[in-house]
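1. sequence and computational prediction follow.
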Amino acid sequence: MSSALKIYNTLTRSKEFFEPIDRSNVRLYVCGPTVYDYAHIGNARPIIVFDLLFRLLRHLYGENNVKYVRNITDVDDKINARAAERGITIRELTEKTNQIFQADVKALGCLDPTVQPRATEHIAQMIQLIERLMSAGHAYAADRHVLFSVPSMPQYGELSRRSLDEMLAGARVDVAPYKRGDMDFVLWKPSQSSEPGWDSPWGRGRPGWHIECSAMSWAHLGEIFDIHGGGIDLIFPHHENEIAQSCCAFDREIMAHYWMHNGFLQVEGEKMSKSLGNFVTIHELLASETFGGRAWSGAILRLAMLRTHYRQPIDWTVKALEDAAKVYNDWMRAIDRVTPSEPTEEFIVALNDDLNFAKAEAHLHILKKSNPAALAACLKFMGFASHEAASDNQSEEAQLAKIGLTKSDLEQLISQRIEARLTKNWTESDRIRDQLESLGVSLKDNKDGTTSWTVIS
RNA sequence: GGCCUCGUGGCGGAGUGGCUACGCAGAGGACUGCAAAUCCUUGUACUCCGGUUCGAAUCCGGACGAGGCCUCCA
């Protein structure tokens, strides 16, 4: 058994030893995407970070003893608006967007969560939760809405550490006439006939923002579970309200024992926004050359993301990606044709310290020289699969074709050059090398007299 | 205005009281016909001002700076 896992708990603002409720059923819930558009690189951060945590938990407690739930929110007013804008059905939009999301996440080297529940398949649980809240006096119906009564929960605000007074002081709250308390939030709201809706005791309507996570975590992990994760911006109001809903519905003090939040992401030093023109999607990083003049493999994106500790703000820059690519390629060379052994104890210990990837990475640099088999195992552990190398080779073939060369042409040129070099005909040798270089193929003469090549652009 | 993070060398980024993290880039060298790759060596740091201490990047206070939340944005 490795030394114990410590994680930073937003509830207590401190690092704590992780103690699962049930070692044979460790439960993790992470807020997943609202599927209305391509996921941006900021969305990728929690996906990658919590995938690493999932892998670590599986290692510590056993692959079959960890349950990871990441929801798909497929009912939301942004979805309705976008579908209307494009003239397609909501179902078409959410299906298509989800497919792209799944492909993106796979490219980033993430394991599938144990369950990816959809909000629209948990409407019944949401209604049950709301009914519980109403009968317990924590919610009320008004004007076809159902609202959570924030004043009914004295400990409201514990996660974000703000009191009701503070919130009311500076907040621009939406003071709807049907609200009893200014901070009360919507659990259920009425739908127009043009909007998606479900029958409920309060008429045809749809859920408010926060209730879906309370319903889905309940359905798949139970009333109380171990870890709840998400972006730092979700602490308030989303997670605060999830806690309010779940704790009040089940009459519990706690919804999840550990709350983990990843830091925000900036792009080249500025907040990512469509108006600044620096909005970067996962898809375009993978498939286009719009960021940094080249496409980036999922592994490089993953490494670049993990190189900044998950709680720190991260600045997403071309330079950081270039650095990550260098490190990654260096490692791939080191583990070429190496059979992975086992991740080292030291590596696990580093990750056990609140996912201290930087410490782990420093150790990997040592392993590169001392123990490539262990390096390969550590990389595999983190989702940097060795099959990457194979797929890179395939793309090199494709790239050769793109620059108008076949592999046999190239090999013929290389053997011509080797002959020239044997007769010390450096002029001819350099001519061939320059020719290939201008086509985009870089040559490397090895000690043993062979020549290897890589496509450079 | 309220609340919360954070400020380490050219860049990224660990480190929570004393002993050079690490990586990238840079410099020097080895190897090479020349390159590339590889290997060896190597410089540069702790935002500022006070305080605690024998001793602080590390603890406390303050200033300045950056970012986030309070607006269904991860």
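-> Looks like it arrived, so ask away. Residues are numbered from 1 along each chain as shown, chains lettered A, B, ... in the order given.
2. the residue in the stretch 1-150 of chain A positioned nearest to RNA strand B: how many residues sit nearby?
-> Taking C-beta to the nearest atom of the strand as the measure, the stretch 1-150 of chain A has A:Gly42 as its residue closest to RNA strand B, at 2.7 Å. Every C-beta, even on glycine, is put in place using the N, C-alpha and C of the backbone. By other C-beta atoms under 10 Å, 22 other residues sit near A:Gly42.
3. once you drop chain neighbours, what's closest to it?
-> Take A:Gly42 and drop its neighbours on the chain: the residue closest to it by C-beta to C-beta, 6 or more residues apart in numbering is A:Leu265, 4.3 Å away.
4. for stretch A:214-224, C-alpha coordinates in PDB please.
-> Coordinates of the C-alpha atoms in stretch A:214-224 are reproduced here as PDB (Å, rounded to 0.1, in the frame of the first residue of the first chain):
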ATOM      1  CA  SER A 214     -28.300  16.500  -7.000                       C
ATOM      2  CA  ALA A 215     -30.600  14.100  -8.800                       C
ATOM      3  CA  MET A 216     -27.900  12.300 -10.800                       C
ATOM      4  CA  SER A 217     -25.400  12.000  -8.000                       C
ATOM      5  CA  TRP A 218     -28.200  10.600  -5.800                       C
ATOM      6  CA  ALA A 219     -29.300   8.100  -8.500                       C
ATOM      7  CA  HIS A 220     -25.800   6.800  -9.100                       C
ATOM      8  CA  LEU A 221     -23.800   7.400  -5.900                       C
ATOM      9  CA  GLY A 222     -26.400   7.600  -3.200                       C
ATOM     10  CA  GLU A 223     -27.400  10.300  -0.700                       C
ATOM     11  CA  ILE A 224     -23.800  10.800   0.400                       C
END
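5. low-confidence ranges, chain A, go.
-> A:1-3, A:165-175, A:385-396, A:456-457 (pLDDT under 70).
6. picking up where we left off before, can you tell me the element the residue of the stretch 1-150 of chain A closest to RNA strand B falls in?
-> helix A:41-61 (DSSP states H and E).
7. can you pull out the helices in the stretch 251-400 of chain A?
-> For the stretch 251-400 of chain A, applying DSSP state H, counting those that start in this stretch gives helices covering A:282-287, A:298-306, A:318-334, A:345-352, A:357-370, A:372-381, A:387-402.
8. turn these into TSV, including distance to RNA strand B and mean neighbour count.
-> Conversion of those to TSV gives the following (distance: least, C-beta to the nearest atom of the strand, whole Å; neighbours: other C-beta atoms under 10 Å):
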stretch	distance to RNA strand B	mean neighbour count
helix A:282-287	12	20
helix A:298-306	8	25
helix A:318-334	5	16
helix A:345-352	8	19
helix A:357-370	3	17
helix A:372-381	11	22
helix A:387-402	15	13
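9. how about the residues of the stretch 1-150 of chain A by RNA strand B?
-> A:13, A:31, A:33-34, A:40, A:42-43, A:45-46, A:76-78 (C-beta under 7 Å from any atom of the strand).
10. A:Phe381 against A:Phe54, yeah?
-> No. Judged on C-beta atoms under 8 Å, A:Phe381 makes no contact with A:Phe54 at a distance of 11.7 Å.
11. ok, back up a step: tell me which of the helices of the stretch 251-400 of chain A lies nearest to A:Asp199.
-> Of all the helices of the stretch 251-400 of chain A, it is helix A:282-287 that lies closest to A:Asp199, at 36.9 Å by C-beta to C-beta.
12. got the CA coordinates for that closest one in CSV?
-> Extracted C-alpha coordinates of helix A:282-287, given in CSV (Å, rounded to 0.1, in the frame of the first residue of the first chain):
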residue,chain,number,x,y,z
ILE,A,282,-10.5,21.3,-27.9
HIS,A,283,-11.5,20.3,-31.3
GLU,A,284,-9.6,23.0,-33.1
LEU,A,285,-6.4,22.4,-31.1
LEU,A,286,-6.6,18.7,-32.2
ALA,A,287,-7.7,19.2,-35.8
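13. which strands and helices lie in contact with it?
-> Judged by 3 or more C-beta pairs under 8 Å, 6 or more residues apart in numbering; DSSP states H and E, the packing partners of helix A:282-287 are helix A:41-61, helix A:90-107, helix A:298-306.
14. please enumerate the helices of the stretch 101-250 of chain A.
-> In order along the chain, the stretch 101-250 of chain A carries the following helices (DSSP H, counting those that start in this stretch): A:123-135, A:164-170, A:211-221, A:240-250.
15. rebuild those helices as CSV, extending it with mean neighbour count.
-> Converted to CSV, the helices of the stretch 101-250 of chain A look like this (neighbours: other C-beta atoms under 10 Å):
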stretch, mean neighbour count
helix A:123-135, 19
helix A:164-170, 12
helix A:211-221, 25
helix A:240-250, 25
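16. save those helices as JSON lines, and put in distance to A:Phe18 too.
-> Rendered in JSON lines, the data for the helices of the stretch 101-250 of chain A read as follows (distance: least, C-beta to C-beta, whole Å):
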{"stretch": "helix A:123-135", "distance to A:Phe18": "28"}
{"stretch": "helix A:164-170", "distance to A:Phe18": "31"}
{"stretch": "helix A:211-221", "distance to A:Phe18": "16"}
{"stretch": "helix A:240-250", "distance to A:Phe18": "19"}
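17. need the winner for burial among the helices and strands packed on helix A:282-287.
-> Of all these, helix A:298-306 has the most neighbours on average by mean count of other C-beta atoms under 10 Å, namely a mean of 25.
18. can you list contacts of it?
-> A:41, A:44-45, A:48-49, A:52, A:106-109, A:282, A:285-286, A:314, A:316, A:320-321, A:323-325, A:327-328, A:357, A:382-385, A:388 (C-beta atoms under 8 Å, 6 or more residues apart in numbering).
19. so who does A:Ala287 touch?
-> A:Ala295.
20. and A:Leu129, by the same measure?
-> When the contact criterion is C-beta under 8 Å, 6+ apart, the partners of A:Leu129 are A:187, A:211, A:214-215, A:218, A:245-246, A:249.
21. what do you get if the cut-off is 6 Å, keeping everything else the same?
-> With contacts defined as C-beta atoms under 6 Å, 6 or more residues apart in numbering, A:Leu129 is in contact with A:214-215, A:249.
22. between these, which is nearest RNA strand B?
-> Distances from the contacts of A:Leu129 to RNA strand B were compared by C-beta to the nearest atom of the strand; the smallest belongs to A:Ser214, at 13.5 Å.
23. distance of the closest one from A:Phe54?
-> With distances defined as C-beta to C-beta, to the nearest Å, the gap from A:Ser214 to A:Phe54 amounts to 21 Å.
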